[in-house]
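Participant: Make a model of this:
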Amino acid sequence: MKATPSLRSDYASTSLTDGSRVSKADARVEAYGTVDELNSHVGLLLAAVSGEPLRRDLLAIQRELFGVGGLLAQPDAEVAPWVAESAARWLSESRRLLAASPRVRAFVLPSGSEAACRAHVCRTVCRRAERRVCVLPPAPATLAAQDYLNRLSSYFFALARCLNALAGCVEEVYVPLTPAGGRIGKGDSVSADVE
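Facilitator: Model (predicted):
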């Protein structure tokens, strides 16, 4: 299929896959546009990692995100079994990666290696995509996309932690500030198990 730019104005509207025209400001367009943005960030992450198993996983995620975007562009889409299967896979993989990562008792700041920071960007864009999907009318496709994105964002968090561990980077954690702007001392620290 050859992509060619249109020579005529679209008047700030676009077509859904069923042929209906909607505003580019439509919530559905915002949802699948954010999934597309996430896919681009996964591409940036892919450019920063080596190791064939991880590269294969990220390419699989890119293909899945393209499919999720397609689901969101169809108001009455039927949900293929791969969506739930992939959501379960990324949840399982995130648990495996977290089990292999150092335990942390505070909120992890997005920091460390370049690859880990890119994974954190993927996590936050994925969460935003999930929020965009949440405002759509409930339907099987939107609920499946929401679940998939939720599980995938957990995977990106776990992946960032694992990438930092592999790179030998110490993860920075959140240290609460006092009302005066100073840091709370060790004896006063507030921590919670974050996984």
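Participant: quick one: contacts for the residue nearest to the spatial centre of the chain?
Facilitator: By CA atoms, centre = their mean, the chain has its centre lying nearest to Cys126, at 2.5 Å. Taking CB atoms under 8 Å, 6 or more residues apart in numbering as the contact definition, Cys126 lies against Leu38, Leu149, Leu152, Ser153, Phe156. (Glycine included, C-beta is placed from N, CA and C.)
Participant: so how far is His41 from the third one?
Facilitator: The spacing between Leu152 and His41, counted by CB to CB, to the nearest Å, is 12 Å.
Participant: Skip the chain neighbours and tell me the closest residue to Ala160.
Facilitator: Computed as CB to CB, 6 or more residues apart in numbering, the closest residue to Ala160 that is not its neighbour in sequence is Ala119, at 3.7 Å.
Participant: Make sure Gly43 is actually in contact with Gln62.
Facilitator: Yes - applying CB atoms under 8 Å as the test, Gly43 and Gln62 come out as touching, 6.7 Å apart.
Participant: Just to check, the residue nearest to Ala160 is in contact with Ala167?
Facilitator: No - the pair formed by Ala119 and Ala167 falls short of the contact definition of CB under 8 Å, at 11.5 Å.
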